[in-house]
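Visitor: need a structure here:
(one chain, ligands or ions: 1)
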Amino acid sequence: MNQNESKKEVLIEFKHLTKKFGHFTAVNDLSLQIFQGEVLGFLGPNGAGKSTAMKMMANLLNPTSGEVWVNYNHKLEKLTKYNQDYLLDNIGFLIENPAFYENNTPRQVLTLFAKLKGYPRNKIHERVEEVVQMIGMGQWIDNKLGTFSKGMRQKIGIVSAVVHDPAIIVLDEPHTGLDPKARREVRDFLLKLKNLNKTVFLSSHLLYEVSEVADRIAIISHGILVACDSLDNLEEEAKRSVIDLEMIGWENPGETIIKLKETVGQFLSGPIYYNRDQKIFELQFDGSQEKQYEMLHKLISAGIKVIEYSVPKAGLLEDLYLKYVSESDKTFKQFQKKAVKVESIL
Ligand SMILES: Nc1ncnc2c1ncn2[C@@H]1O[C@H](COP(=O)(O)OP(=O)(O)OP(=O)(O)O)[C@@H](O)[C@H]1O
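Guide: Presented below is the predicted three-dimensional model:
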């Protein structure tokens, strides 16, 4: 935990949360804190366990073991069926696909949600109009939901999670069924919530959508938390790992790779790749900026004619995300193999 995190108030805490369906472990010993005022992106491939964890947080599923703790009056309390009404009162959830009556309008549905959640009656009219405008659906407020596309319903579902103005908003895959324009509207909506200092816990398998709004990212794969850090730190880590090198005065990529290895091999953390289209060499590098400079110095001292030496900007975070997920895939497969061996011995 860094210094900033230790100062912030924890609003939700998962403690060793585990959910098994029969022999299958969907969420495996997940420990995670969500801090006041942050947008925490919960990222993972399909089937990673995101929805299962969120359902346990909403008390829609009981954990097999572990606990969810929720902040109430500046004190964390363990979530149970006895205190869920007041503990979850200040949280807005979009967990499953929203189902609406076809004949209702967004105004009717959202007014009902706000009433049920105890929002002040004299302010509901204004609040409903405000949130529908916020997500760019103002002109549809009195149209029947039966005429809406999947994406439009999804946006109304997102709004239904915030209409009572909760402090914490939990959105499971809010981008489902949205086209690029609608995704941008949802992104803008999430940024507005962030500016209002709301705490948002957002799951998705879309890295870009999460990285545009999140302060921190938690990556889950096969039910296991494989990374959790601030977006800045993850971006730093991603940047450290690759350097693109463009040179002149070389002919054969194979021979050049051998020469590069001889010259700077001690700094490298993985193989050197040659990108044929861009005519650049990719060095896998894991070190400080000082080391990065030393490496450049060695290249030039060895007579290698470097004309570009840079950290690529696009796609780095994606590479890092895929690295975490594929490492976890490998570990999971090895574990499965061992499990099969043990079963056959038994
Ligand atoms: N009720 C259930 N019974 C059995 N298995 C389940 C149940 N609910 C979920 N699973 C399994 O648990 C795993 C995790 O599912 P979960 O829905 O949490 O993943 P996810 O990360 O939300 O995926 P997606 O992005 O596809 O929604 C999946 O393999 C799923 O098939």
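Visitor: which parts of stretch 220-234 are buried?
Guide: 220, 221, 222, 223, 224, 225, 226, 227, 228, 230, 231, 234 (16 or more other C-beta atoms under 10 Å). (C-beta placed from N, C-alpha, C; glycine too.)
Visitor: distance of residue 143 from residue 137?
Guide: Residue 143 sits 9 Å away from residue 137, taking C-beta to C-beta, to the nearest Å as the criterion.
Visitor: need the overlap of contacts for the two.
Guide: Here residue 143 and residue 137 have residue 106 as joint contacts, going by C-beta atoms under 8 Å, 6 or more residues apart in numbering.
Visitor: any idea how this protein splits into domains?
Guide: 3-229, 241-310 (automatic domain parsing).
Visitor: excluding chain neighbours, what is closest to residue 218?
Guide: residue 228 (4.2 Å; C-beta to C-beta, 6 or more residues apart in numbering).
Visitor: make sure that neighbour is actually in contact with residue 214.
Guide: No - checked against C-beta atoms under 8 Å, the pair residue 228 and residue 214 is beyond contact range at 11.3 Å.
Visitor: show me where pLDDT drops low in the stretch 101-250 of the chain?
Guide: Scanning the stretch 101-250 of the chain for pLDDT under 70 picks out the ranges 239-240.
Visitor: list the contacts for the residue of it found nearest the ligand?
Guide: Scanning the stretch 101-250 of the chain for the residue nearest the ligand gives residue 205, at 5.0 Å (criterion: C-beta to the nearest ligand atom). Counting by C-beta under 8 Å, 6+ apart, residue 205 touches 43, 44, 45, 46, 48, 173.
Visitor: so of those, which ones are in strands?
Guide: residue 43 (DSSP state E).
Visitor: redo the contacts of residue 205 as JSON lines? Include neighbour count and distance to the ligand.
Guide: JSON lines is the format used below for the contacts of residue 205 (neighbours: other C-beta atoms under 10 Å; distance: C-beta to the nearest ligand atom, whole Å):
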{"residue": "43", "neighbour count": "27", "distance to the ligand": "9"}
{"residue": "44", "neighbour count": "25", "distance to the ligand": "5"}
{"residue": "45", "neighbour count": "16", "distance to the ligand": "7"}
{"residue": "46", "neighbour count": "7", "distance to the ligand": "3"}
{"residue": "48", "neighbour count": "24", "distance to the ligand": "4"}
{"residue": "173", "neighbour count": "22", "distance to the ligand": "6"}
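Visitor: so residue 225 sits in a helix?
Guide: No - per DSSP: H, G, I helix; E, B strand; the rest coil, residue 225 lies outside any helix segment and is strand.
Visitor: please name the nearest non-neighbouring residue to it.
Guide: Residue 225's closest residue in space is residue 30 (C-beta to C-beta, 6+ apart), at 5.5 Å.
Visitor: hmm, back to that, just the contacts of residue 205 now: which is nearest residue 131?
Guide: The nearest member of the contacts of residue 205 to residue 131, counting by C-beta to C-beta, is residue 173 at 19.7 Å.
Visitor: buried ones in the one helix or strand the residue nearest to residue 225 maps to?
Guide: Residue 30 belongs to strand 24-35 when assigned by DSSP states H and E. The neighbour-count check on strand 24-35 (16+ other C-beta under 10 Å) flags 25, 26, 27, 28, 30, 32, 33, 34, 35 as buried.
Visitor: what's the answer for stretch 133-148, then?
Guide: Within stretch 133-148, judged by 16+ other C-beta under 10 Å, the buried ones are 134, 135, 136, 137, 140, 141, 145, 148.
Visitor: which strands or helices does the host helix or strand of the residue nearest to residue 218 pack on?
Guide: Applying DSSP H and E as the criterion places residue 228 in strand 224-230. Judged by 3 or more C-beta pairs under 8 Å, 6 or more residues apart in numbering; DSSP states H and E, strand 224-230 is in contact with strand 24-35, strand 216-221, helix 316-345.
Visitor: can I get the ones you listed in CSV with distance to residue 243?
Guide: Below are these laid out as CSV (distance: least, C-beta to C-beta, whole Å):
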stretch, distance to residue 243
strand 24-35, 33
strand 216-221, 23
helix 316-345, 11
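Visitor: buried deepest among those, which one?
Guide: strand 216-221 (a mean of 24; mean count of other C-beta atoms under 10 Å).
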